[in-house]
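[1] Let me see the structure of the following:
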Amino acid sequence: MSKTVDVSCILPCLNEEETIGLCVKKIKDVFAKENIAGEIVVVDNGSIDRSREIAEREGAIVVSETHKGYGAAYLRGLREAKGKYIIMGDADDTYNFYDIPKFLKPLKEGYDLVMGSRFKGKIRKGAMSWSHRYIGNPVLSGICRLFFRTRLSDIHCGMRALTNEAYKKMKLRTLGMEFATEMVVSAITKNLKVSEVPIDYHPRIGESKLKPLYDAWRHTRFMLLYCPMWLYLIPGILGFAGGMILLLLLSRRPIYFLGRSWDIHVMAFASVISILSYQLMNLGIFAHTFALKQGFLKYDKVTVFFQSRFSLEKGLALGGAVFLTGFVILIFIFIDWFSKNFGALYRIREALLAMTFLVIGLQTMFSSFFISLLFLEREIKS
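    Sure thing, here's the model as predicted:
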């Protein structure tokens, strides 16, 4: 009969023979001191040194994950974990595993995910480069706070803890370094209780596996994909509002600003910006609706308000009205041209305005069909 496991410690490992044994020993010391029924799962991600041998000798459970990647290693370890509580930490001895009780306390108090914070603790000399400490990590954590309304100070801390139940709710899937961000975002969107504890960060022994610019882009890309509001809607709304205001101001005559005349060329630019920005807004609505349907995002007040008031008929009516406005302007241009026996005509301003309304009107009507299809599919499945 197998014993009950309360705590599982997962360590991803790639050529960490200098530190893996020390990390396992520290965890065993904590288990013994705190009387914890625990297991240590080391996920070998393709080591070519003695890491696996050392970990097994120290009493860890060693499993292999052939698919390379930070997330791939953790996903394998999470599938293997049998404990009610799960501790995650790097095998390079940068994190002090004697801090494990700090993480278990909030979990036992009802939190689902507990993040370590190196910035609230102490970063030892040489543990983190200047660019990572003052630019990379603060910027990425700041983006996460802005996009997902969290107060976490260090979303990329490699030491964290969660309950096994929370892991099952998260439905994690990314295989690379963005896995660290996905865990935080998933916890937020699933309304899980998240806490943060200060920890110390130590210089690593051995070669770093990080690729700073590439990994930073992967984290940023993930947050943008999971936040259509900032990727599509906000740039789209700002561009559309600015473009339409400029277009309408120039529809009758040039305007003078900063000592210069702004005329037809600027109006043509405003028309293009308005149309492209409106496309971004539509893509944002599509992406947001799809993300809700897939469970990537949670419903918010704006979404509920929009969905409760939107209908295909209203979308068609709005789009039709905008299209008709552009069409009427074209009719007036044609009448003017006809009255001049199809001679010389200078109605470029009105033509640009009409063209913009025609395109936006058509986009609105066809987009309404697609949005209705997404909503209809959700209604059928519910």
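[2] C-alpha only now, for contacts and for neighbours.
    Fine.
[3] where does this structure have low pLDDT?
    1-2, 206, 295, 376-382 (pLDDT under 70).
[4] can you give me the strands for it?
    7-13, 38-44, 61-64, 85-88, 113-123, 160-163, 194-201, 255-257, 260-262 (DSSP state E).
[5] and the third one, what other elements does it pack with?
    Going back to what we said before, that points to strand 61-64. strand 38-44, helix 51-57 (3 or more C-alpha pairs under 8 Å, 6 or more residues apart in numbering; DSSP states H and E).
[6] mind redoing it with 10 Å?
    strand 7-13, strand 38-44, helix 51-57, helix 70-80 (3 or more C-alpha pairs under 10 Å, 6 or more residues apart in numbering; DSSP states H and E).
[7] Grab the nearest non-local neighbour of the residue nearest the centre of the chain.
    In the chain, the C-alpha nearest the mean C-alpha coordinate belongs to Met223, at 1.9 Å (C-alpha atoms, centre = their mean). Excluding its sequence neighbours, the residue lying closest to Met223 (C-alpha to C-alpha, 6 or more residues apart in numbering) is Cys144, at 7.1 Å.
[8] out of the strands of the chain, which comes closest to Ala321?
    Nearest to Ala321 among these is strand 255-257; the distance by C-alpha to C-alpha comes to 28.0 Å.
[9] So which residues make contact with the closest one?
    Under the criterion C-alpha atoms under 10 Å, 6 or more residues apart in numbering, residues 246, 249, 261-263 lie in contact with strand 255-257.
[10] same thing but at 7 Å, please
    261-263 (C-alpha atoms under 7 Å, 6 or more residues apart in numbering).
[11] quick one: which of the residues you listed is nearest Ile86?
    Of those, the one sitting nearest to Ile86 (C-alpha to C-alpha) turns out to be Trp262, at 62.5 Å.
[12] Does the closest one touch Pro254 like I think?
    Yes. Contact status for Trp262 versus Pro254: in contact at 5.5 Å, counting by C-alpha atoms under 7 Å.
[13] circling back to that earlier point, how far away is the residue nearest to the centre of the chain from Lys193?
    Computed as C-alpha to C-alpha, to the nearest Å, the Met223 to Lys193 distance reads 20 Å.
[14] Over to Ser64?
    Counting by C-alpha to C-alpha, the gap from Ser64 to Lys193 is 31 Å.
[15] Next: Thr19.
    Here the criterion is C-alpha to C-alpha. By it, Thr19 lies 32 Å from Lys193.
[16] how about Phe240, what does it touch?
    Phe240 makes contacts with 273-274, 277-278, as judged by C-alpha under 7 Å, 6+ apart.
[17] nearest residue to Gly110 other than its sequence neighbours?
    Nearest to Gly110 is Lys193, by C-alpha to C-alpha, 6+ apart, at 7.7 Å.
[18] what about the residue nearest to Met223, how many neighbours?
    25 (other C-alpha atoms under 10 Å).
[19] same question, Val5
    15.
[20] Per the annotation, how does the protein divide into domains?
    Structural domains annotated on the chain: 7-225, 228-381, as defined by automatic domain parsing.
[21] Please identify the deepest-packed of the ones you listed.
    Ranked by mean neighbour count, the domains of the chain are led by domain 7-225 with a mean of 19 (mean count of other C-alpha atoms under 10 Å).
[22] Now find how far off-centre that domain is within its chain.
    Averaged C-alpha coordinates place domain 7-225 at 18 Å from its chain's average position (C-alpha atoms, centre = their mean, to the nearest Å).
[23] Would you mind measuring from the closest residue to His156 other than its chain neighbours to Ala161?
    In space, His156 comes closest to Ala180 once its chain neighbours are excluded; the distance is 5.8 Å by C-alpha to C-alpha, 6+ apart. According to C-alpha to C-alpha, Ala180 stands 12 Å off from Ala161.
[24] again with Phe370
    Shown here: Phe370 relative to Ala161, a distance of 41 Å by C-alpha to C-alpha.
[25] what do you get for Phe240?
    Distance from Phe240 to Ala161, by C-alpha to C-alpha: 44 Å.
[26] How about Thr289?
    For Thr289 relative to Ala161 (C-alpha to C-alpha), the value is 31 Å.
[27] likewise Ile199?
    Taking C-alpha to C-alpha, one finds Ile199 at 13 Å from Ala161.
[28] In contact with Ile205, which residues are there?
    For Ile205, the contact set (C-alpha under 7 Å, 6+ apart) comprises Asp92.
[29] In terms of secondary structure, what does the longest helix anywhere in the chain contact?
    If you go by DSSP state H, the chain has its longest helix at helix 348-381. Helix 348-381 sits against helix 264-294, helix 312-339, with contacts defined as 3 or more C-alpha pairs under 7 Å, 6 or more residues apart in numbering; DSSP states H and E.
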